[in-house]
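Novice: Just to be clear, the model below is a prediction. Sequence and coordinates:
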Amino acid sequence: MSYFERHLFICTNARHDACKQSCNDNGEGDAAVDFLKGHAKQLGLIGPGKLRISSTSCLGRCESGPAMVIYPEARWYTYVDEEDLQDILDQDLSNGEVVTRLLIDAPK
């Protein structure tokens, strides 16, 4: 068994380059980390044998971002606002249910 059952990586890379978008140019990634870590901790989802939430530099999905990925499922999400983040928290991080409308690689 691994130390954490699941690991969420949220891109917080910021290029501040008008020619190339990144996931944290306007603080979206940092805000997502704060929101999800705070709420997941309140729900008791964080810790050994449970969930780990980490900020990371570029995940290579800038064109679809802001981006995050949950492992071991390798499930990629994008989001727009706290409502989207709450849906990811309530449905996927709490219950393991896919939030299809926010998937980057949604089935066609």
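Specialist: Received, thanks.
Novice: where do the helices sit along this structure?
Specialist: 28-42, 82-87, 94-95 (DSSP state H).
Novice: Any chance of JSON lines for those, columns distance to D105, mean neighbour count and mean pLDDT?
Specialist: C-beta: built from backbone N, CA, C; applies to glycine. Compiled in JSON lines, the helices of the chain are given as follows (distance: least, Cβ to Cβ, whole Å; neighbours: other Cβ atoms under 10 Å; pLDDT from 0 to 100):
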{"stretch": "helix 28-42", "distance to D105": "19", "mean neighbour count": "18", "mean pLDDT": "97"}
{"stretch": "helix 82-87", "distance to D105": "16", "mean neighbour count": "15", "mean pLDDT": "98"}
{"stretch": "helix 94-95", "distance to D105": "20", "mean neighbour count": "12", "mean pLDDT": "96"}
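Novice: Tabulate these (TSV), appending distance to F9.
Specialist: Formatted as TSV, those follow (distance: least, Cβ to Cβ, whole Å):
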stretch	distance to F9
helix 28-42	10
helix 82-87	14
helix 94-95	18
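Novice: closest one to G65 among those helices?
Specialist: Closest to G65 of those, according to Cβ to Cβ: helix 28-42, at 8.1 Å.
Novice: Tell me which other helices or strands the closest one touches.
Specialist: strand 6-11, strand 51-56, helix 82-87 (3 or more Cβ pairs under 8 Å, 6 or more residues apart in numbering; DSSP states H and E).
Novice: And the ones you listed: which comes nearest S64?
Specialist: Among these, the nearest to S64 by Cβ to Cβ is strand 6-11 (10.4 Å).
Novice: Just checking the distance from the closest one to the centre of its chain.
Specialist: Centroid separation between strand 6-11 and its chain, computed with Cα atoms, centre = their mean, to the nearest Å, is 5 Å.
Novice: Tell me which residues of it come out buried.
Specialist: R6, L8, F9, I10, C11 (16 or more other Cβ atoms under 10 Å).
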